[in-house]
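> Here is a sequence together with a model predicted from it:
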Amino acid sequence: MAKLTIDGKEIQVADGITVLQACEEAGVEIPRFCYHDRLSIAGNCRMCLVEMEKAPKPIASCSMPVGDGMAIHTNTETVKKARNGVMEFLLINHPLDCPICDQGGECDLQDQAMAYGFDHSRFSENKRAVADKNLGPLVETHMTRCIHCTRCIRFSTEVAGVEVLGATGRGENMEVGTYVEAAISSELSANIIDLCPVGALTSKPYAFEARPWELSKTESIDVMDAVGSNIRVDSRGREVKRILPMLNEDVNEEWISDKTRYACDGLAKQRLDKPYVKKGGKLHSAAWHEALDVIGDKIRGLDGRKIAAIAGDQCDAESMMALKGLMDGLGSPNIDCRQDGAKLGGGSRSGYVFNTTIAGVEDADVCLIIGSNPRLEAPIINARLRKRAGAGGFRVGIVGENVDLTYRTEHLGAGPDTLKEIADGTHPFCDVLRSAERPMLILGQGALARADGTAVIGAARLIADNTGMVSADWNGFNILHTAAARVSGLDLGLMPGDGGQDVVGILDGAASGDIEVVYLLGADEIDVSKLTDAFVIYQGHHGDAGAHVADVILPGAAYTEKDGTYANTEGRVQRGRRATSPPGDAREDWAILRALSDVLGKTLPYNNIVELRAHMSESVPVLGEIDTLTPSAWSDHGEIAEMDSAPFESPVTNFYMTDPISRASETMAACTETFVKEGQKTGTDG
């Protein structure tokens, strides 16, 4: 610990931190542009200058490590004059276009010019102009505003792992951009917009849409993947204008993926805003009571075993609780939340969650990835893996597709044959796992959504047991989900009951006539061609695959239009909040199911969301423990059996279109055209 004096106040701080960080601990604000907590230190904006006794000139506090006995002064005339001068230099070439800049109202340069700037400029030369760069469909550039803080360069290199941005030229000819003009092909690229302290990098889809003070801001949870990133939904009226990250050190830190940020324009497209009933082979709009009566007439008196339900990937826990209650009331054991057919569920929670936790990745020293491409399936978790790899002493082995994860990996093999060798202890990588103090494995849906998924789990569990992955204070066995609804669905028991059918059995039963009624709760990632002979009830928010085969459509609410509970891939239970209202006659999903239960004479035992949540917490206590993680008991998972030799494949081939919302998004369509299709043409990863 080092003792130093800041503005006459003596404090004790940890060795190795910078003077700027010490000043923050002492409650002293230091202005900065280039410094950022999560990026390497550049020390090139000089806005953080402070006086240090015995130093011949002001020092850059962001790059000066603390030392015992230091005396720092942050509010002297010399410091004030230095900050005024730095601000004057920064504004030499900066255009005076605040009224038309999208950064206006939330711009660090504006704020700091007001607080630390000069009231006039002594420069009369013409301002320079810099040509804008084309960084793709997501990031708008106004490079004349750039102050060369290099945050965007450091983020793309260090966090995103895509080394495309850099600085060319020297002195007044220096420019930030891509070395060769190209779009930034990263799933995290738009985070540079949040990092940019001026208006040089702004959101292209959001350009000139709104001012920050016009927007209502709602803290919520992302459902585009299973990470559960904390987000802020900015809306005006019923329209979601943008989505920004919220800080959560345990989940997403302060980053979000590009799909999380930009798929929100799909919320206004292809929406279901009124009930529909099929008559004469065509769908016709109907009143709520009419649509519910049609369902009632079809289901009343029907054997429960001829009714089935499938829950989709973006359902909240409340709606799945209501669906489970309704199916139980109807006597149907045919229910499933695993649209992809993943062989998960039953037994201890440790068999289907990310036990290491997302933040816990930083404590691991070796990782085995099985049948997963975390860069596309969970970019935020992949960024954690890259962060850990960057710290050194971290080996990553891959069994499955040999993909570029933006950090050094070892491709061990393509499928179950390699997995069997590791489980038997005959593969060389076993020595790496056994010698590690905290080894971990990540088992992806590409390995689980197969006919031999249970055997794959068994082999992974055997590896975990044989290599010491599970101990009293560490569990390195991890399931990486791709669906926001999956963990809470498994918690609630949305799996086949006694003699019940899973997704594959439900679809086959509908095709053969054994199942006559299929209830799709936002389920679109299935083979709907097998449902043409069944009576299909589709409850959802977009006119996607499920709606195309429906006999009755019940319009539900999207995740920004309802209060909902979600458990992320590590089992962390979080609450999303309603930011806007559903369109037209659409209603919250649990309320629709509650109304239908009345019509069917199987009334659910709650009348509002408070009662529903109380009932849910009583039935499944873990879903009432908000934002806490309680380790689950380790037990046997899967079974030891023969595995098919077919190689593992990631279920995500197009990162930008994985659900009804992103498929309806114009921005995600532009990203698909730019990154996926162009990548396929050139033979590179999209």
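Structure received.
> quick one: the helices in the stretch 101-250 of the chain?
Using DSSP state H, counting those that start in this stretch, the helices found in the stretch 101-250 of the chain span residues 108-116, 151-158, 191-195.
> Let's have the ones you listed in a markdown table, adding mean neighbour count.
Where C-beta positions appear, they are placed from N, C-alpha and C, glycine not excepted. Below are the helices of the stretch 101-250 of the chain laid out as a markdown table (neighbours: other Cβ atoms under 10 Å):
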| stretch | mean neighbour count |
| --- | --- |
| helix 108-116 | 16 |
| helix 151-158 | 21 |
| helix 191-195 | 21 |
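> need the ones you listed in TSV with distance to residue 468 and mean pLDDT, can you?
Listed next are the helices of the stretch 101-250 of the chain as TSV, based on distance: least, Cβ to Cβ, whole Å; pLDDT from 0 to 100:
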stretch	distance to residue 468	mean pLDDT
helix 108-116	47	91
helix 151-158	32	94
helix 191-195	36	95
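> Next, format these as CSV and append distance to residue 534.
Listed next are the helices of the stretch 101-250 of the chain as CSV, based on distance: least, Cβ to Cβ, whole Å:
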stretch, distance to residue 534
helix 108-116, 57
helix 151-158, 49
helix 191-195, 44
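> is it true that residue 440 touches residue 367?
Yes: using Cβ atoms under 8 Å, residue 440 makes contact with residue 367 at a distance of 5.2 Å.
> Identify the contacts common to these two.
residue 361 (Cβ atoms under 8 Å, 6 or more residues apart in numbering).
> Tell me where the stretch 401-550 of the chain has helices.
Under DSSP H, counting those that start in this stretch, the stretch 401-550 of the chain gives helices at 416-424, 429-435, 445-448, 453-466, 486-492, 503-512, 545-548.
> Among those, which comes closest to residue 61?
helix 429-435 (41.9 Å; Cβ to Cβ).
> Return the set of buried residues in the closest one.
429-430, 432-433 (16 or more other Cβ atoms under 10 Å).
> repeat for stretch 91-98
For stretch 91-98, by 16+ other Cβ under 10 Å, it's 91, 93-94.
> Using PDB, write down the CA coordinates of it.
Extracted as PDB, the C-alpha positions of stretch 91-98 are listed here (Å, rounded to 0.1, in the frame of the first residue of the first chain):
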ATOM      1  CA  LEU A  91     -10.800  22.500 -30.300                       C
ATOM      2  CA  ILE A  92      -8.500  24.000 -32.900                       C
ATOM      3  CA  ASN A  93      -9.900  21.700 -35.600                       C
ATOM      4  CA  HIS A  94     -13.100  20.600 -34.000                       C
ATOM      5  CA  PRO A  95     -16.100  21.800 -36.100                       C
ATOM      6  CA  LEU A  96     -18.700  23.900 -34.300                       C
ATOM      7  CA  ASP A  97     -21.600  21.700 -35.300                       C
ATOM      8  CA  CYS A  98     -23.100  20.700 -31.900                       C
END
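> what does it rub up against?
104, 107, 109-110, 113, 117, 121, 123, 125, 127-128, 144-145, 147, 172, 198-199.
> And for stretch 250-261?
38, 138, 159, 186-191, 194, 222, 224-225, 227-231, 242-247, 357-359, 379-380, 383, 568, 572, 655-656, 658, 662, 668, 671.
> And the residues you listed, which of them are buried?
For the contacts of stretch 250-261, buried by 16+ other Cβ under 10 Å: 138, 159, 186-191, 194, 222, 224-225, 227-231, 242-246, 357-358, 379-380, 383, 568, 572, 655-656, 658, 662, 668, 671.
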